[in-house]
Each structure stands twice: as C-alpha cells, then as structure tokens.
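structure, please.
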Amino acid sequence: MGSRQCWADPTVTELEDISIILETTLGLIEIAIYARAAPRSAAAFLSYIESGSFAAGGAFYRVVRGAENDHGTPPIDVVQGGSLSPSNVFSEIDHEPTSETGLRHLDGTVSLARKDGGRAIGAAFFICVGAQPVLDVGGGRVNDGKGFAAFGKVTNGMSVIRQIYNSATSPFAATPYRRGQMLDPMIRILNAMRLDHV
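Alright, predicted model coming up:
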C-alpha cells in the first residue's frame, strides 16, 4: 500500500484517510488527506509524498491575496506549493469536483491546481486562507463552473500558512496573471511524510 505505483494510480478506491506532515522553513504543517471522499486527487498528491518529490525539490512559491494581487475573479486568498522539478511531475488526472466528493473550500482546505481543460496534477496544490466558496462547483472562479478538487484540510499549522500568506512577493512573474504573486524567497519544503511513517 505504500508503494509509488499504488499512490500514483488514480483508480485506487480503498484508501483510508491519512495524515501527512510538511516540514517547511517556517515550521510544520499537518494535513488530513480525505482519501475516501476524493480518492483520485488524494492518490495523485500522495504519489509525491511517497516518491520524495516534495522533499527533494518542493516549496510554497505563490500567494494570491484577493484584495492586493489577484488578477482573477471572483477574488480568492490562497497559498500555492508543490514540486519545482518538471522531471518529478507524474501523470495528469481527471478533475474530481466538490459536487462529487462533498468537500468544500473552507479555511485550511487543500486542493489541486487545475490545468487548461480541467485536468490536474498532484504536483501543484493550494491551501485556502479563509473560506473560498468561489472555488467550489458553481462558484464562478473558473469559466466551466466545475471548481477545483478539494482533497484535504490543514489540521495543525495554519499559523505557518498565514505566515506564508503574509510573506514578501516579487513584482515580477513569467506571466502577467501571476504578477506580484510569486514568493521571494520561496518557502522551501524540507520534508514531506505520512504521519504513521514518522
């Protein structure tokens, strides 16, 4: 059950809910992964924990502050992190909407970033700062109305998330959409592990 192949397989449906820890340069973040409610998204994210990809080259690298640097609508407040190495990115998965999982984007909710066309990869995730209902199905943040794929929640360490949220950002970015959102410096992920492996 702990193999990379198992966690990378989006067809896994017998996962129990799991706790993981992200050790960052600002402190520890504990996350409950709702693997029974969101098996595809959970499996994709956990593949990066099991493979060591986050620990080998992961960081929190982006913060969206709705009132300050958000270039989308409706505005949101989130911090984004994940693997920084393209060679450590696994297969994309089908979107797992909140209408299917029953989960919601509340304060501390962990969710997968989406690519064009709606597919997602476990390499890029974000954490809500405050409730963000516009990220649920029908919430309006994305044009197709399908929202984002919530799959977990911070259970300890929201103070670290808020430190990241309030950290300095660069005025520069590779695209205008991300202008003013990229953390400078990034907050490195030093280790990432399942709690039962600690």
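
report the contact partners of residue 25.
Residue 25 sits next to 187-188, 190 when contact means CB atoms under 8 Å, 6 or more residues apart in numbering. Placement of C-beta: from N, CA and C, glycine included.

same thing but 6 Å
When contacts are counted by CB atoms under 6 Å, 6 or more residues apart in numbering, residue 25 touches 187-188.

what's the spacing between residue 48 and residue 75?
Distance of residue 48 to residue 75, computed by CB to CB, to the nearest Å: 28 Å.

more neighbours: those two, which one.
Using other CB atoms under 10 Å as the criterion, residue 48 and residue 75 rank with residue 48 on top: 28 against 16.

contacting residues for that one?
Applying CB under 6 Å, 6+ apart, we find residue 48 in contact with 54, 83, 122.

give the contact list for the first one.
When you say that, I think you mean residue 54. Residue 54 makes contact with 48, 189, 192, according to CB under 6 Å, 6+ apart.

now it, what's its secondary structure?
Classification of residue 54 by DSSP: H, G, I helix; E, B strand; the rest coil places it in helix.

kindly report the same for the last one.
When states are read from three-state DSSP, the local structure at residue 122 comes out as strand.

run a quick neighbour tally on the closest residue to it other than its chain neighbours.
Nearest residue to residue 122, sequence neighbours excluded (CB to CB, 6 or more residues apart in numbering): residue 44, at 3.2 Å. Neighbour count for residue 44, taken as other CB under 10 Å: 28.

which strand in this structure runs the most residues?
In the chain, ranked by residue count with DSSP state E as the criterion, the top strand is strand 182-194.

give me the contacts around that one.
Residues outside strand 182-194 that contact it (CB under 6 Å, 6+ apart): 18, 20-26, 49, 54-55, 58-62, 164, 167-170, 173.

now do the residue nearest to the spatial centre of the chain, the pLDDT please.
What sits nearest the mean C-alpha location of the chain, by CA atoms, centre = their mean, is residue 125, with 1.9 Å. Residue 125 carries a pLDDT value of 96.

that one looks like it's in a strand, true?
Yes. Under three-state DSSP, residue 125 sits within a strand.

look up how far residue 176 lies from it.
For residue 125 relative to residue 176 (CB to CB), the value is 23 Å.

quickly find the element holding the residue nearest to residue 122.
If you go by DSSP states H and E, residue 44 is part of helix 39-51.

any idea how far residue 97 is from residue 31?
Residue 31 is 20 Å from residue 97, by CB to CB.

who's more crowded, those two?
Between residue 31 and residue 97, residue 31 has the larger neighbour count (other CB under 10 Å), namely 25 against 20.

pretty sure residue 83 is touching residue 53, no?
Yes. Assessed by CB atoms under 6 Å, residue 83 is found in contact with residue 53 at 4.8 Å.

against residue 100, how distant is residue 72?
Per CB to CB, residue 72 is found 23 Å from residue 100.

shouldn't the residue nearest to residue 122 be in contact with residue 93?
Yes. Applying CB under 6 Å, one finds residue 44 in contact with residue 93, separated by 4.9 Å.
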